[in-house]
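**Q** sequence and predicted structure, then a few things I'm wondering about:
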Amino acid sequence: MSAFETMTPTEIRELIRKQEITGPTAGMSKGYTQANLVILKKEHAFDFLLFCQRNPKACPLLDVTEPGSFRPSKIAKEASLLTDIPKYRIYKNGVYTEEVMDITDYWEDDMVGFLLGCSFTFETPLLEAGIPIRHIEEKCNVPMYKTNIPCEKAGVFEGPTVVSMRPMTPEDAIRAVQITTRFPAVHGSPLHIGDPSQIGIMDINKPDFGDAVPIKEGEVPVFWACGVTPQAVAMESKPAIMITHAPGCMFISDIRDESLAVL
C-alpha cells in the first residue's frame with residue numbers, strides 16, 4: 001500500500017484503467033479527495049440532486065456532470081467515469097445485478113454522473129493526528145451498515161442511511177469528532193458513537209457492505225454517514241438503472257483534502 005499512498009491521482013487512475021488496481025482505494029494518493037459515484041438517467045437526475053441536498057451528511061455533492069458527459073471536469077478534468085474506478089455495481093429496478101470493472105457498454109447519452117464526498121478523505125488527517133484506522137491496518141475494506149435512520153425523501157428516492165464504522169478509544173473518538181467536523185464535504189462529524197443497536201445494527205460483526213474488523217478491548221465503534229447510502233436507496237426506490245462504485249472502490253480526484261476543510 002505504501003507505494004500507492006505516494007502516487008498521484010493521475011497515476012492511480014491509470015493503474016485502475018489498466019485494471020491493475022481492482023480493489024478498495026483506502027490510503028491511496030494520500031492527501032487527495034476520494035469520491036463515491038452514482039450514475040442515473042436524466043429523468044431521475046433532478047430527484048437525486050434534491051435527495052443529495054436534503055441528505056448532505058450521507059450524500060455531500062462534490063461534482064455533477066452535464067447530461068451525456070462522463071468527465072467530472074470540476075474535480076478531475078482528464079478522468080473518465082467509465083473506466084477510472086476499480087469496480088462498479090449495476091442496479092436494475094432496485095436489484096443489484098452485477099459488478100464490472102468498466103461501464104463503457106452501460107453508458108447512455110442521457111446519463112448524469114454524481115460524485116459524492118467519501119470518508120476515506122478525512123482518514124488522512126485522522127492518521128496524521130495519530131489515530132489508527134483499523135481497516136487500513138487490516139488491509140481490508142471499511143465495514144458499512146444499513147441503519148434505522150431514514151433519509152429524507154426526494155421524488156422517487158428514499159431509504160435508510162448507511163454508515164461506515166471505525167473502532168477507536170474514547171479519547172481518539174473525541175479527537176476524531178473535532179477533526180472530521182471540519183470536513184462537511186466528506187460526511188463531516190460522526191452520526192453515532194457507541195451502542196450499534198441504537199441505530200438498528202444488531203450484529204456489528206456482520207456488515208452489510210465491506211469487511212468486519214476487530215473492536216479491541218477499551219474501544220468504541222464510531223459511525224459516519226456513508227456514500228454507499230444511494231445503493232441502499234436504489235434497492236428501495238428501484239430506478240430502471242443506477243450505476244455506482246463498488247463499496248470501498250472509490251474515484252480518486254485531483255483536489256486536495258485541505259481544500260475541503262472548514263476552519
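**A** On my side now, so go ahead.
**Q** please count neighbours and contacts with C-alpha atoms only from this point.
**A** Noted.
**Q** all strands of this structure, in order?
**A** 32-41, 61-64, 88-92, 95-100, 111-117, 144-150, 160-168, 192-193, 220-225, 241-245, 251-256 (DSSP state E).
**Q** pLDDT weak spots in the stretch 1-150 of the chain?
**A** Along the stretch 1-150 of the chain, segments meeting pLDDT under 70 span 1-2.
**Q** now do 50
**A** 1 (pLDDT under 50).
**Q** contacts for stretch 124-140?
**A** 24, 26-27, 30-31, 123, 141-143, 166-168, 172, 176, 179, 210-211, 213-214 (CA atoms under 8 Å, 6 or more residues apart in numbering).
**Q** tell me how far the ends of it are from each other?
**A** 17 Å (CA to CA, to the nearest Å).
**Q** mind listing what's buried along that stretch?
**A** Within stretch 124-140, the residues that count as buried by 16 or more other CA atoms under 10 Å are 124-126, 131-135, 140.
**Q** and these as JSON lines, adding distance to I90?
**A** Shown next, in JSON lines, are these (distance: CA to CA, whole Å):
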{"residue": "T124", "distance to I90": "30"}
{"residue": "P125", "distance to I90": "32"}
{"residue": "L126", "distance to I90": "32"}
{"residue": "I131", "distance to I90": "35"}
{"residue": "P132", "distance to I90": "33"}
{"residue": "I133", "distance to I90": "29"}
{"residue": "R134", "distance to I90": "29"}
{"residue": "H135", "distance to I90": "25"}
{"residue": "C140", "distance to I90": "22"}
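**Q** among those, which are in helices?
**A** 124-126, 134-135 (DSSP state H).
**Q** now the two most distant members of those.
**A** Pairwise distances among those were taken by CA to CA; the largest, 15.7 Å, belongs to P125 and H135.
**Q** export stretch 184-194 as PDB, just CAs?
**A** Extracted C-alpha coordinates of stretch 184-194, given in PDB (Å, rounded to 0.1, in the frame of the first residue of the first chain):
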ATOM      1  CA  PRO A 184     -18.600  18.600   5.900                       C
ATOM      2  CA  ALA A 185     -18.000  18.000   2.200                       C
ATOM      3  CA  VAL A 186     -16.900  14.400   3.100                       C
ATOM      4  CA  HIS A 187     -19.600  13.500   5.600                       C
ATOM      5  CA  GLY A 188     -18.300  15.600   8.500                       C
ATOM      6  CA  SER A 189     -18.700  14.600  12.100                       C
ATOM      7  CA  PRO A 190     -19.900  11.100  13.200                       C
ATOM      8  CA  LEU A 191     -23.600  10.200  13.200                       C
ATOM      9  CA  HIS A 192     -23.300   8.000  16.200                       C
ATOM     10  CA  ILE A 193     -20.800   6.700  18.800                       C
ATOM     11  CA  GLY A 194     -21.200   3.600  20.900                       C
END
